[in-house]
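1. Below are the sequence and a predicted model for it; my questions follow.
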Amino acid sequence: DQQVKQNSPSLSVQEGRISILNCDYTNSMFDYFLWYKKYPAEGPTFLISISSIKDKNEDGRFTVFLNKSAKHLSLHIVPSQPGDSAVYFCAASAGNNDMRFGAGTRLTVKP
Amino acid sequence: EAGVAQSPRYKIIEKRQSVAFWCNPISGHATLYWYQQILGQGPKLLIQFQNNGVVDDSQLPKDRFSAERLKGVDSTLKIQPAKLEDSAVYLCASSSSDPTWDTQYFGPGTRLTVL
């Protein structure tokens, strides 16, 4: 039962351009959404989050957008840097911190 | 502040053998999680502890997996006996006492290969 889906397994962008990573969910009870970033041989690192009462949250180069009616969220990275190359996981929680993760999108930022 | 520690980092065993993983959460974090991440998939929660009590173990295969968190700090996850499909990265995470909104911080994981 895949409640959180990241349909793009990979994304490649040029340095300086915008990276847009997408995530869809099916459980309408999810009320807290997070993005994690993972480098090889390391655990996921928290990047940014958003609660369902907001539709946008910004932190430096990273912005997360939430569209509740479409059950869709996206992560925008502007401008993209080579150090942003990693696997990005979308996660969602229904208030009990039982997070469900997507399968991840591998972002490659080319110099 | 030290992060979540896990050991070993890598483990190779044969099927039907037993294996144990250890996790030391961030100091002061009351909630501890074990996740299984199979290659190409996102992490899947196996068990969640609040202090030394189990909050959720609904996705833990209890016929072969067990976990404990004695004294509410360190935790061990055991697989006995292991199967080929248990090959995965086992991630430990911790968060502070409020489980509703708090961020989970992950350790580096233990990569298990079952031959």
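-> Thanks, I have the structure now.
2. Paired strands for the worst-scoring helix or strand of chain B on mean pLDDT, with orientation please.
-> Ranked by mean pLDDT, DSSP states H and E, the weakest helix or strand in chain B is strand B:53-56, scoring a mean of 90. Neighbouring strands of strand B:53-56 in its sheet, by DSSP bridges, are strand B:44-50 (antiparallel).
3. C-alpha coordinates for the strand it pairs with, CSV please?
-> The C-alpha trace of strand B:44-50 is given here as CSV (Å, rounded to 0.1, in the frame of the first residue of the first chain):
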residue,chain,number,x,y,z
LYS,B,44,9.5,1.5,6.1
LEU,B,45,8.8,1.8,9.8
LEU,B,46,9.3,-1.4,11.7
ILE,B,47,8.9,-0.3,15.3
GLN,B,48,8.5,2.9,17.3
PHE,B,49,9.5,3.3,21.0
GLN,B,50,8.4,6.0,23.4
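4. Go through it and flag the buried ones.
-> B:44-50 (16 or more other C-beta atoms under 10 Å in any protein chain shown). C-betas here are computed from N, CA, C, even on glycine.
5. which of these lies closest to chain A?
-> Nearest to chain A out of the buried residues of strand B:44-50 is B:Leu45 (C-beta to the nearest C-beta; 6.1 Å).
6. ok, that closest one touching B:Gln59?
-> Yes: at 5.9 Å, B:Leu45 counts as touching B:Gln59 under the criterion of C-beta atoms under 8 Å.
7. circling back to that earlier point, what residues sit buried inside the least confident helix or strand of chain B?
-> B:55-56.
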